[in-house]
Each structure stands twice: as structure tokens, then as C-alpha cells.
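Asker: Need the 3D shape of this:
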Amino acid sequence: MFVSFLNPQGNFDPDDSYWMEHPDFGGQLVYVKETALALAELGHRVDIITRQIKDSEWPEFSDQLDSYPGSEGVRIVRIPCGPEDFLPKEQLWPHLGTDWLDGIIDFYDDEGEFPDVTTTHYGDGGLVGALLKDRTGINYTFTGHSLGAQKMDRLGTTKDNLEQLDNRYNFARRIAAERVGMNRAGQVITSTNQERFNQYSHRAYSNAIDPDNEAKFSVIPPGVNKKIFHQEESSQDREIKDRIKSTLERDLPTERRDLPLVLCSSRLDRKKNHMGLVNAFVTCDRLQELANLAIVVRGADDPLHQRDHFGGEGKKILDDIASTLEENDLWETVTSFPLDNQEELAAAYRWARDRGSVFALTSVYEPFGLAPLEAMSCGLPVVVTDQGGPTESLVDEETGEKYGALVDPEDPEDIAGELLELLGSEEKWKSYQEAGLDRVLSRYTWEQTAKSYAKALKQVQGEQRPKGDKIPIPEYFTNPSPETDIKLEQLRTLYFNGNPGTRYSGES
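Answerer: As a prediction, the model looks like this:
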């Protein structure tokens, strides 16, 4: 098959630039890249279609075509999407169904060959997949990753603050796009059953999709890149070991430098709940005796002391951590440093494993949670949020066996207690290490993900759904103007009431 991936937000290049440093460059980029590469290894041709940026501050994304070394089957195709400079994903909506869609069609017209089938990612990709299907007949799958209605829930959306949040996140447009993308897709792909039933049953998607429709869904978990995240020492391990050793000498007193770490590696985002982990650490004296806390953040050599290198929400999170450490006089128990790519991260996991450390991810919610599986694949036991996908990946659905510790992200005592149980018991630490490795190898590899994607894509290839089973596409996405824009009142009614009769402008 010739497969195209539609992923307008974030971007792709051979060096994985800015991944985990920016809200638009999150885990979905890893997901798309690794699935595409694994599909190519199975013999399929793959184009990752994203946006072209001609901006001196983002030079990596100016060429129309790019590729990954060693993978002849995958191309990165960049199509102009609005102004030439970088735009956050929330500002892309007026350009997706106009110049980006036209640019994709023109590109393949010029090449003389269109993809056989498309897989779309997030609401913006799903919207364009639906528009592309209308124009060309190419069917698509929709992978939502994380839906807008759940983000609205997590932000505590009320009738009073809805307008303020919509001004920042463009939720009215996002929910409208998601409804179209999921409704018209040949199949919807989720990482877990929980994602399928919890996210897609939200009242905001009334009349757009039925999560009980078995034929509509494929549950396909993402995988771990075993070429990177493995137990064997790599060429970078010595360098990373020396770098972390220097960091510990910089941040910690001599008597604490040999202690294990509670290792937190994720982008600076409120939903990742760094402060939940920090509060668990600072309120537990025994935990401080057993381990140091390590905050891994890209963007500065010493993130907690170079907070001005960061802006917006990232700086605020680091400021809050620093303030908490200052109030509790615990600077000498915490270190922070960057890891700039997946190879460095894997090397750090192996180093941390050899010191009896633990990986921690206490997010408010994780749609799937690939990072813990990557740590487990390197032999590092994990303590992870019990909200979202980890409840399936870290627990056997039939036997109840656990492959890592699950914690309530809102309960510092629960977080501290599970960390203490692992760090204070060599037997428990070893059992989770072995169980975690077995779980990854048996179920979570990109090869398995790609095989399942290929099956789903083959199933929808050329398939046409009945006209009566489609919601019309709001006019705004093909003719953006103040007159055609999605009305906030429509979102208000749908989000708060879930009225199946409520439609967006353009929907019948």
C-alpha cells in the first residue's frame, strides 16, 4: 500500500527537533514517526504530510521533502499552511481546509499518483482527511490521540469561563473538526478500550459516533522502539553517564550522589503534573532519605536554575518547583538536566536502572502513556498515573497482574507510598523490572502496531460509507470568515447538555 499520514501540528525532521520542548511537538510525533517507519519495514510506502515553515527561527522545516536516514520507504512531505512563519496548532484552523488541503492535492497531482489510503491524527488531521476524501475518494482512519472535550473537562470548563478558554484554545473549531473527522472515518483507532469508551462517549460527540459500534473501532496500542529502548549498553551510555555524574556533582552534596533517582522525564505541561510528584517528594522524609528527585527537561543545561530560558507555562511550572524546594529547604535533594533525544533518554534509563532508580509519571491524565513503556523496556521500574491508558498497559485485563505501580495523581501520599515501596524493597523493585520487560516484549512493539495499522488501513481502502451516515462539514473549514465561524453558543449547548439535536453551523 501507498499510505499517507496527515499530521499538520508539530513537525518532522531527521533530528526530531523540538520534540517534548513545545506543546505542539509532543508524543503524537513519536507515534506517527515510529508507526510510519515500521510500516515501511513491512514493505509499504509512506508519506508523512505536515506543514512547511519558512521561518528563520524554525529552519529545520523549510524544505518540501525530507527523509529519515536508513528508511527509503518514508518521506516527509511539507505543504504550506497559512503564513510562512510558525503558527501554534490553535491558529491553523482557517488554513487547513483551504491552502493546506489544496497544496496536498496539487502535490500529488504533480507527482501523478495519489496514496491508496490515509491515516489522520488529531482533530486537525481528521478534518483534512474528511475533506480529502470528499475531493478524491481516498478513505482514511482517524486517530484522535487526545480529544478536545477531555481537555475541556481537565481545564474545569464552566459556562462562565467557556468563552475565555475558547479564545485561547479554539475549542469550538476543534470539537467541530473532531466530530467530522471521527464521523466520516472508515475506522477510528484508539490505543486502549478505555480511550474508546471514555473519550468517544462524551456528550460533545453526540450524534457523531457510537463507541459501541465494534466495526467502527480498532484498538491498536503504540509500541516501543526496541532499537533504542533496550537493556544493552550503547555507544552513548558512557557519555550520558559522565554527563549525569557531572550534573550530580553540581547539584548534590557528596553523601547524596550515589542514591537512586526518582526520574521524571516529560515536557513542561500542567497536565503532566510535575507538582504532584514534587509535593509527594517534599512531604515524605523517608523518600528524601532513599532517593534524589531528577527533573529532566530539554532547553537548558540547568533547567531549575535557568528558568528564564523557558517561557509561558513551562517557566511557571519550573518557578513553582523552585519555590517549593526553597520553602522546604530541599535544593540539595533535587537535580535537573536535559536529555536531547531518544538515544540519550534510553542511555539515562539504563544508567538509572543500574542505580536502583524508578521512573515516575504522575500526569493528571494519560491517553496511553508510551514513556513508561520505554523506561520499562530499558529495565527501569515505573510509578505511573492511574488516570487513562496505563490502567490497561500496566495491568493484565484477565489476571490482574501488575507490571508497574499505579497511583492517584491527586494524592501525594499515594505517590510517595508507591515510590517508597519500590525504592525500599529490592525484591519488589526486581519483580516490577522483570514483569515490565516481559510486558513490553510481548505486547508493545512498533512492529505489532504497524501490522495492526496495515490491517485497519487495508480494510478501509476504497470503502465508501452510506451518505446518510455523514455529518456535513461546517462551512467555516472551507470558507473561513467571521460570518461562517463556529458559534460559541453551539459549543456551549453541546458540551454542557449533550443534546443530540445540537449541530454546528453547516451540519444538518
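Asker: can we go C-alpha only for contacts and neighbour counts from here?
Answerer: Fine.
Asker: tell me what the longest strand seen in the chain is packed against?
Answerer: Taking DSSP state E as the assignment, the strand of the chain that covers the most residues is strand 71-80. When contacts are defined as 3 or more CA pairs under 8 Å, 6 or more residues apart in numbering; DSSP states H and E, strand 71-80 packs onto helix 27-41, strand 45-52, strand 65-68, helix 101-111.
Asker: just so I have it, where are all the strands in the stretch 301-450 of the chain?
Answerer: Under the criterion DSSP state E, counting those that start in this stretch, the stretch 301-450 of the chain contains strands at 334-337, 358-361, 382-385, 405-407.
Asker: if we can go back for a sec, burial-wise, tell me which of the helices and strands packed on strand 71-80 comes out on top.
Answerer: Across those, averaging neighbours per residue (mean count of other CA atoms under 10 Å) puts strand 45-52 on top, at a mean of 24.
Asker: neighbouring strands for it, and are they parallel or not?
Answerer: Neighbouring strands of strand 45-52 in its sheet, by DSSP bridges, are strand 2-6 (parallel), strand 71-80 (parallel).
Asker: Distance from it to the middle of the chain?
Answerer: Relative to the centre of its chain, strand 45-52 is centred 18 Å away, using CA atoms, centre = their mean, to the nearest Å.
Asker: Just the C-alphas of it, formatted as PDB.
Answerer: Below are the C-alpha coordinates for strand 45-52, written out as PDB (Å, rounded to 0.1, in the frame of the first residue of the first chain):
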ATOM      1  CA  ARG A  45       5.400   3.200   1.000                       C
ATOM      2  CA  VAL A  46       4.600   6.000   3.400                       C
ATOM      3  CA  ASP A  47       4.400   9.800   3.300                       C
ATOM      4  CA  ILE A  48       4.200  11.900   6.500                       C
ATOM      5  CA  ILE A  49       2.400  15.000   5.400                       C
ATOM      6  CA  THR A  50       2.900  18.000   7.700                       C
ATOM      7  CA  ARG A  51       3.200  21.800   7.300                       C
ATOM      8  CA  GLN A  52       6.000  23.700   5.600                       C
END
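Asker: could you give the angle of it to helix 27-41?
Answerer: On the basis of axes from the mean of the first three to the mean of the last three CA atoms, to 10 degrees, strand 45-52 is oriented at 150 degrees to helix 27-41.
Asker: show me where pLDDT drops low in the chain?
Answerer: Within the chain, the segments meeting pLDDT under 70 span 464-469, 499-508.
Asker: quick revisit: format the strands of the stretch 301-450 of the chain as a markdown table; extra columns: distance to residue 121 and mean neighbour count.
Answerer: Putting these into a markdown table (distance: least, CA to CA, whole Å; neighbours: other CA atoms under 10 Å) gives the following:
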| stretch | distance to residue 121 | mean neighbour count |
| --- | --- | --- |
| strand 334-337 | 31 | 22 |
| strand 358-361 | 24 | 27 |
| strand 382-385 | 24 | 26 |
| strand 405-407 | 28 | 23 |
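Asker: so residue 65 touches residue 77, yeah?
Answerer: Yes: between residue 65 and residue 77 there is a contact under CA atoms under 8 Å: 5.0 Å.
Asker: Just name the most buried of the strands paired with strand 45-52.
Answerer: Stretch with highest mean neighbour count among the strands paired with strand 45-52: strand 2-6 (a mean of 24; mean count of other CA under 10 Å).
Asker: Would you map out the domains in this protein?
Answerer: 2-223+454-473, 237-444 (automatic domain parsing).
Asker: export those domains to a markdown table and tack on distance to residue 480?
Answerer: Shown next, in a markdown table, are those (distance: least, CA to CA, whole Å):
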| stretch | distance to residue 480 |
| --- | --- |
| domain 2-223+454-473 | 6 |
| domain 237-444 | 29 |
